[in-house]
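**Q** below are the sequence and a predicted model; questions follow.
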Amino acid sequence: MRIEIDAVTNGSNWSTSGFAQGGLVSSGLESEAAPATFGDGDYKWRARAVDFLELMSGWIEFNPANSNPDFGVEASAMSPEVPSAPVQREAPTGSARSIGFADPDGFLILESTVSDKDRFD
């Protein structure tokens, strides 16, 4: 037996071709399939079993009760945003120091807020 996988972009109709097929296994064991590389986007997927005679079961969706995507791909990740709110401090808990501040001991804390809009970082 083997598994067949159908994966489409979320909101699309299920395909009728292009299934990924898993390797052959004995009944009751897990079979896995790796569809072709996915492009950026949100996807849903389903699976069915195929036996040695090529008889096929019905499909089971990963998450049939929800219209949200089953998984997302961000293969072309976005660069992080430019840091914001830079601050210079004399000590970790000290107050912010203005431009041109002369530190007496050479120990300064330089900080800034960083963020990234990629969902999976």
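**A** Arrived safely. Not measured: the values here are computed from a predicted model. Residues are numbered from 1 along each chain as shown.

**Q** quick one, domains of the chain?
**A** Recorded structural domains for the chain (assignment: automatic domain parsing) are 1-76, 78-121.

**Q** most tightly packed of the ones you listed?
**A** domain 1-76 (a mean of 13; mean count of other CB atoms under 10 Å). Backbone N, C-alpha and C define where each C-beta goes, glycine included.

**Q** picking that back up, quick one: the domains of the chain as CSV, columns for mean pLDDT too.
**A** Formatted as CSV, the entries for these read as follows, by pLDDT from 0 to 100:
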stretch, mean pLDDT
domain 1-76, 87
domain 78-121, 81
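
**Q** mind listing the strands for this protein?
**A** Secondary structure of the chain (DSSP state E): strands at 2-9, 20-21, 41-50, 60-61, 71-73, 84-89, 109-113.

**Q** nearest to residue 29, of these?
**A** strand 2-9 (10.4 Å; CB to CB).

**Q** re the thing from before, dump the strands of the chain to a markdown table, plus distance to residue 99.
**A** Shown next, in a markdown table, are these (distance: least, CB to CB, whole Å):
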| stretch | distance to residue 99 |
| --- | --- |
| strand 2-9 | 50 |
| strand 20-21 | 58 |
| strand 41-50 | 45 |
| strand 60-61 | 59 |
| strand 71-73 | 43 |
| strand 84-89 | 8 |
| strand 109-113 | 13 |
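
**Q** run through who's touching stretch 41-60.
**A** 1-10, 14, 21, 24, 31, 61-63, 69-73 (CB atoms under 8 Å, 6 or more residues apart in numbering).

**Q** how about a cut-off of 7 Å?
**A** 1-10, 14, 61-62, 69-73 (CB atoms under 7 Å, 6 or more residues apart in numbering).
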